[in-house]
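In: Attaching a predicted model along with its sequence, questions to come.
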Amino acid sequence: MIGKKRRVLIPQYMKKFSCIGSACEDSCCIGWRVDIDHETYKKYQKVRDEELTPLMDQYIKRNRAEGHGEGAYAKIKLLPDTSCPFLNEKTLCKIQLRYGEDYLSDVCTTYPRVVHSINGLLERSATVSCPEAARIVLLNPEPMEFDEDEESRDVRNIVKKTIKAEDLNLNNKPQKYLWEIRIFTITLLQNREYTLNERLIILGMFFQALQQMISSGKNTEISGLIASYTVIIEEGSLRESLEAIPVQYNIQMELLKEIADKRYFMGVSSHRYLECFSDFLAGIQYTAESTVEEVGQRYQSAAKDYYEPFMKEHDYILENYLVNYVFKNLFPFTSDKSLFDAYMMLVIHYSLIKMHLIGMSGFRKGLTEDLVIKLIQSFAKTVEHNQKYLDGIAEQMRQNNFNTMAYMAILIKN
Ligand code: SF4
């Protein structure tokens, strides 16, 4: 029996998640590409069913573009309204209803779960682009905790990224310190002695120092850096310099709005995100005639009057978002060019969410948990799953020399 089990590291929320099916306000079968892996494609080729076979012939197409592996051997052509053609009137999957979960593709079976393999240990978490996952990940006021569990080897997974022991030890690469850096990052993000903005700025100072260390080939000093930052955080000796950082609403809003506009003009299929974006624009009364100062003033008022009072009581929502981002993306060993760039992208995600919520709070004269979930879930679906857009933003930040701690502090601090 033991041979049939494997170890898996999970945030505790994973034990609570299950798909709510037709009660879902934003089905994962609407609004984006559905890949079909090779094994599932072969099963579909053998299906002889009066209703499903013609649908499969019409809508399941081989993926002939280069660079697609076995996992994206074919794809489902979506209907003009971007929904999956296999959904019934209750937005339930006809393939699953007729043949069971075994006949779902890897993507359909595993979403919204994200799996990595670190040194043979699987890690499973959930993306908040699923509304039900967003609720259980984000709405827990207690700090997120992780458990090691056992599961059957039969559970289907798509392992997104693998890091092996030999990679960790080889040439004393920064990856060798993966656990130390992650534990330090998560502990700091959950340190409620500091405001969330302060935690993010301290994290940036740490990553700036870490990056300098790596660039000058001093990887062996990484553990020492973590130890000294742990003492500095404990002592609170950065508090004065954190308070001295000026708040710059106009530049913050202008830069973030430009980043958000880029995604908007690429075309957005999520109605829920478009509703949030329109609330945000209405909240800061963004018009072509308004000056940056006028819009900045309205943005600042919305932040002070509505966003901050709500977040004072609920900042665990954004803390949970950040901790989940770190765990789910193997932060800081994401695909970004440097560890500081990985930090920059974490800040961009956080600041964009904050900017949308500030505008929305101005329009709605306050925030609710439902509104925050709607924004974060639809934002994750629109932004987090679009790597091309994210790579473009990272490149633009580098080209404009905005990938500095000074700019990060402008984006973070309110
Ligand atoms: S988005 Fe989440 S809750 Fe909704 S149908 Fe998909 S898995 Fe289920």
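Out: Received, thanks.
In: For L352, see how far away Y264 is.
Out: 12 Å (C-beta to C-beta, to the nearest Å). Backbone N, C-alpha and C define where each C-beta goes, glycine included.
In: Between those two, tell me which one has more neighbours.
Out: L352 (20 against 14; other C-beta atoms under 10 Å).
In: quick one: low-confidence ranges for this structure?
Out: 1-3, 66-67, 165-171, 336 (pLDDT under 70).
In: which parts of it sit against the ligand?
Out: For the chain, the contact set with the ligand under C-beta under 6 Å from any ligand atom comprises 19-20, 24, 27-28, 111-112, 130-132.
In: Could you export these as TSV, including secondary structure and neighbour count?
Out: Formatted as TSV, the residues of the chain next to the ligand follow (DSSP: H, G, I helix; E, B strand; the rest coil; neighbours: other C-beta atoms under 10 Å):
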residue	secondary structure	neighbour count
C19	coil	14
I20	coil	12
C24	coil	15
S27	coil	18
C28	coil	21
Y111	coil	20
P112	coil	19
C130	coil	24
P131	helix	23
E132	helix	23
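In: Identify the residues contacting the residue in the stretch 51-200 of the chain positioned nearest to the ligand.
Out: Per C-beta to the nearest ligand atom, C130 is where the stretch 51-200 of the chain lies closest to the ligand, at 3.2 Å. Residues near C130 by C-beta atoms under 8 Å, 6 or more residues apart in numbering: 19, 24, 28, 111-112, 377.
In: Show me where the stretch 51-200 of the chain has its helices.
Out: 52-59, 94-99, 106-110, 131-138, 165-169, 178-189, 196-215 (DSSP state H, counting those that start in this stretch).
In: Give me the contacts around the third one.
Out: Spelled out, it's helix 106-110. For helix 106-110, the external contacting residues (C-beta under 8 Å, 6+ apart) are 29, 34-37, 40, 71, 93, 96, 101, 156-158.
In: chain center to that helix, what's the gap?
Out: Here the centre of helix 106-110 is set off from its chain's centre by 18 Å, with C-alpha atoms, centre = their mean, to the nearest Å.
In: For that helix, which residues meet the burial criterion?
Out: For helix 106-110, the neighbour count (16 or more other C-beta atoms under 10 Å) marks 106-110 as buried.
In: can I see the domain layout of the chain?
Out: 2-162, 174-241, 244-412 (automatic domain parsing).
In: Please work out which of the ones you listed is packed deepest.
Out: Mean neighbour count (mean count of other C-beta atoms under 10 Å) peaks for domain 244-412 among these, with a mean of 18.
In: relative to helix 196-215, how tilted is the longest helix anywhere in the chain?
Out: Looking across the chain with DSSP state H, the single longest helix is helix 339-364. Computed with axes from the mean of the first three to the mean of the last three C-alpha atoms, to 10 degrees, the direction of helix 339-364 lies at 160 degrees from that of helix 196-215.
In: Give me the helices and strands touching helix 339-364, please.
Out: helix 196-215, helix 249-265, helix 271-283, helix 292-302, helix 316-328, helix 369-379, helix 387-399, helix 405-412 (3 or more C-beta pairs under 8 Å, 6 or more residues apart in numbering; DSSP states H and E).
In: residues contacting A380?
Out: Per C-beta under 8 Å, 6+ apart, neighbours of A380: 127-129, 134.
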